[in-house]
Every structure is written in C-alpha cells, then in structure tokens.
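**Student:** when you get a sec, could you give me coordinates for this:
(2 chains)
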2 protein chains.
Amino acid sequence: MSFNSRLAQICQTKKSYVCVGLDVDIEKMPAFLRSEADPLYVFSKAIIEATADYVAAFKINIAFFEAYGKAGWDALERIVASLPENVIRIADAKRADIGNSSQRYAHAFLHAMPFDAITVNPYLGYDSVKPFIENTDKGAFILCITSNPGSNDFQHFNNGDEQLFEKVARTVSHWNTLENCGLVTGATHPEELARVRQLAPNLPLLIPGIGAQGGDLELSVKNALTSANDKALFNSSRGIIYSASDHSFAEKAGKSAGELQRAINNALIF
Amino acid sequence: MSFNSRLAQICQTKKSYVCVGLDVDIEKMPAFLRSEADPLYVFSKAIIEATADYVAAFKINIAFFEAYGKAGWDALERIVASLPENVIRIADAKRADIGNSSQRYAHAFLHAMPFDAITVNPYLGYDSVKPFIENTDKGAFILCITSNPGSNDFQHFNNGDEQLFEKVARTVSHWNTLENCGLVTGATHPEELARVRQLAPNLPLLIPGIGAQGGDLELSVKNALTSANDKALFNSSRGIIYSASDHSFAEKAGKSAGELQRAINNALIF
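**Tutor:** Reported below is the predicted structural model:
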C-alpha cells in the first residue's frame, strides 16, 4: 500500500488527524524524570503510551535528540522502535543533500530506523529528494510554506506567475508518482495553506504551528480538509507533551491529545 | 577573531585553499580496514594525518555517519575531536529548522561537538539560520547554488530582477554582521559562481563539485578568487580519500591533497 493511502486509512480508522510532535527537551520535562538513567526514552515512552489512542502520527524532532550526541541517538533508535503499529512514524529531520548523500540519510531514517516518512527541504531539487521517495510505502513531507517568521525571506519570492512555495507545491505534485509525497504547510499561514490545497489536491499536508506557534486551528482545518478525500495531519508538540510537570504529565498529555482530536473533528466541514 | 578572518588566516599561513571532504563509506574504503573494530574512525584518522599539512579545512559529511546509526555518531564525535588545531572543521550537515529546533542543531554541532562551521539550507529564512551565526568565532556556509542537477529546479527561479540563488547571496551578505557567514557555490556552475562572487565580495565560498562531480577547477579558482582578499575553500571528497585501496591509501590521499593544493595555487590569477 502506498504511504499516502496508508496515512488516509489510519486517519479514517482512528478518526484522528492528530500528529504528536516529540520535541523532547530534558530541561522541559518533569524534574523528577531527569534523574532517570535515560530520561529521553522514559519520558517519550510515557507520552507515546498515553497519547497513542488519539493520534494518527508521531513526529520525532531529530534536532532535539542530536543535541544530546550519541546518547540522544541511542534513545532515538529505541523510541522509534517502540512506536505502535497503527500510527505514521515521521522523522522530522528536514534533510536533503546531493543525491549520494541524501541516499545515506534515507538509509539512516527509512531503513536502518523504521520511520515511515521524513521531512525534506526542497532547495536542492529533485535528485536530493528522490532517495526518500523511491519506495511507495515510505514517504516524504517536503517543506512548502513553513510556520516560522523566516518563511517570508524566500518562500514568497515571486516570478510574476507564482511564488516559490506555489512552485514547490506544483513540482512536488509531479514527483508524487508513487503516492508517497506530502507537503509541510504551517498553520500560521492559513491563506497560503488554502492555495497549497488547491495546487496539490492529492497530497497529504503536514501542518505544524497550531499550538505554541499560534496558528488558527479551525481555519487550518477548513482550508486543509475540504472534503473527506483530503489528507492532512495537524501537529502539536509543546502544547501536548508538556501539559503538566507533575506525576500526571502523561495522563494530561493524553487528555490534551484527545482534546485536539475532538477540536479538529468538530471543525470538519464534511 | 571572526570565523571569516580565521579562515583567511589559515589559508594564508598554510598556502592552501583545499578542503578535504570526509564522505566516509565502509564499502569504499580499503577492504582490509573493514575488519577493524571501528573502521570509520581508523580510516578517517589515517586520511586526516596524511592530508592535514596540505589543507585549510576538513568537511565531514554527516549523512555518511548517520547511516551507521549510533556507532556512526560515536565515530563522528571522536573524529572531529581528533582534528588538528590549524584547520577549519566543517560539519556538512545542511541543517535548518524553525528557530528553537535550529538552536538544538547549533548546540549539537557547534557546541557539543567542536566544529567551527556548519552548512545550512536557506529555505526557512533568517530565524532558521540565526542560531548558527550568533557567535563570531563559529560560522555557517549557506547553500546558494549547489553542484547537483536538482539545483535547476528552484535555485534559478527568477523574479525578473534576480534569480533565487542571487537573492540568497545578497541576503546572506546582510546577515554577515559578525563576519561568520559563507556560501556554498558548486564548481559545476562557473558562471553563477562568478555572479555570487560579485554579489557577495566579502563572503568565503565553499566550493564542492571539482572532483568526481566534474567541475572545472581552473575556471572556478579564477571566478572565486579574484584577488588576494577573496576567501574560498575548494572541496574534494571521493577524489582524495579513495585514492588507493591498498596499504598506501593514506599516503596516496596525502599525495592527491598536495596535488590539488598545487593545482589551485597554480591557477591563482594574483
């Protein structure tokens, strides 16, 4: 089954478009966990178990693990191996390099580790993305319009007919021959999100920026999911995983994930 | 001292503009090394010792280490720690994420590990680059015009006045307030290289693509180094580190690095 079909099936079966982002920071987790031998793993495992029923996907932010060096990689490998079967496992790595180097990153995340998909930067073009989309069951979410302030620096560059993010959306639609390409479109840009949905009707959208970053959830849901055929994942990281700093942290994270699931489902227009 | 001044000083003192790229692949190294307990480290150490006198910089391609999981990270940490003092140590990581995630990557490469600089992707804009250029003694080489075929997909996008890679070159010049920004400009695009040199006269250029990728060395030297004030590093990876597959592999790599040093110096027009 193609990656995009599997994503749609999981969203449908679990009635959830929620993606929980594991931006795991030892400084931000409950203080009593910091004395554990492996706080990254212990915290993540508890969050995963408490939220799994409410989510379609987990997105692991690789930056937060690399910051801890080889201990971080060790935890990362064990965390992704521990994710349940019926979720999409996304490496939020934002990689891309010339072909033979991208091939090594694809090996690291999609083969040596069992991620289902990875986030990819489009700047280097097709041969830098190809190694991530050569197997239909593994997918890539390519950065299109990002949720941060710096998205204004280059993504709106305009050739008179279209802006760079629009060209990326159109181009990635053409790359989607194995039905395993998606786009990253920040909830902080609801108009651009609607435009991307028009330009790439078949692609799943990975939508960060609804929690701590302040994106409008209802409008994003309306613009990304225009019919039951549309595919999207709405990511919240800090807004879910740091819901409490006492012994109820996992239970509260589960509650936050359930609330986001309901808020999205209530905002659906179909 | 700023990163860019230190780079210039090292090139001047060592009379070298050579960067050796450590794209270390166990399949490509001499067969007799593969039975070592830590072939990545043993091979890299031998290459570093044999080439260090001829080079201004080493560039470690992080993709090749991540492909080996936590064993790769372990070797990476030890290799970068073993690099000599009088070289520029570049993490070829092509990272960038929204601000708080880029901050974690900056911590990983420029603080937890002692790299002097990192390669960065510009697509996400200023706040994604800022964490890498906050200390004047640490630098970032931002992708501008890359050496691969996919560079044609987005980097030539044209707003009528300029192309995207030109806008990146101009913009990064403005970001260079701490004198620690550079640009990645592939030797496979000699005309664009000359244009970047015009647009960003003060920035060091990191120039891949002269070896296995087929870029024209003489023309690239002429276009990147127009006077003794210009700063550039010419990278060769496969063309140096896999110079032989027998017990002379390190000696031959040193010979190749010395030949590249002389070829560049002979092509200088000042």
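**Student:** list the buried residues for the strand or helix carrying A:Ala194?
**Tutor:** In the assignment (DSSP states H and E), A:Ala194 maps to helix A:190-199. Within helix A:190-199, the residues that qualify as buried are A:190, A:192-197, A:199, counting by 16 or more other CB atoms under 10 Å in any protein chain shown. C-beta here means a position set from N, CA and C on the backbone, and glycine is covered the same way.
**Student:** how about stretch A:15-31?
**Tutor:** Neighbour-count burial for stretch A:15-31 flags A:16-26, A:29-30 (criterion: 16+ other CB under 10 Å).
**Student:** and for A:Glu77, the neighbour number?
**Tutor:** A:Glu77 is flanked by 17 other residues according to other CB atoms under 10 Å in any protein chain shown.
**Student:** that one contacts B:Gly69, correct?
**Tutor:** Yes: taking CB atoms under 8 Å as the definition, A:Glu77 is a contact partner of B:Gly69 at 6.2 Å.
**Student:** which neighbours do the two share?
**Tutor:** A:Met113 (CB atoms under 8 Å, 6 or more residues apart in numbering or on different chains).
**Student:** in the stretch 151-270 of chain A, what residue lies closest to chain B?
**Tutor:** Of all residues in the stretch 151-270 of chain A, A:Asp153 sits closest to chain B, at 3.2 Å by CB to the nearest CB.
**Student:** which SS state does that residue fall under?
**Tutor:** The three-state assignment at A:Asp153 reads helix, by DSSP: H, G, I helix; E, B strand; the rest coil.
**Student:** distance of it from B:Gly125?
**Tutor:** To B:Gly125, A:Asp153 is 3 Å away according to CB to CB, to the nearest Å.
**Student:** likewise for A:Ala263?
**Tutor:** Going from A:Ala263 to B:Gly125 by CB to CB gives 29 Å.
**Student:** what about those two, which has more around it?
**Tutor:** Between A:Ala263 and B:Gly125, counting by other CB under 10 Å, B:Gly125 is the more crowded of the two (21 against 15).
**Student:** does A:Arg89 lie in a helix or a strand, and which?
**Tutor:** A:Arg89 belongs to strand A:88-95, assigned by DSSP H and E.
**Student:** quick one: that strand to chain centroid distance?
**Tutor:** When C-alpha coordinates are averaged (CA atoms, centre = their mean, to the nearest Å), strand A:88-95 and its chain have centres 6 Å apart.
**Student:** quick one: it near chain B?
**Tutor:** Yes: residues of strand A:88-95 contacting chain B under CB under 8 Å from any CB of the partner chain: A:92, A:94-95.
**Student:** let me have those residues in TSV, adding pLDDT and neighbour count as columns.
**Tutor:** Compiled in TSV, those are given as follows (pLDDT from 0 to 100; neighbours: other CB atoms under 10 Å in any protein chain shown):
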residue	pLDDT	neighbour count
A:Asp92	98	28
A:Lys94	98	29
A:Arg95	98	30
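**Student:** which parts of the stretch 151-270 of chain A are strands?
**Tutor:** A:181-185, A:205-207, A:232-236 (DSSP state E, counting those that start in this stretch).
**Student:** wait, which of those strands is closest to B:Glu251?
**Tutor:** Nearest to B:Glu251 among the strands of the stretch 151-270 of chain A is strand A:181-185 (46.5 Å), distances taken as CB to CB.
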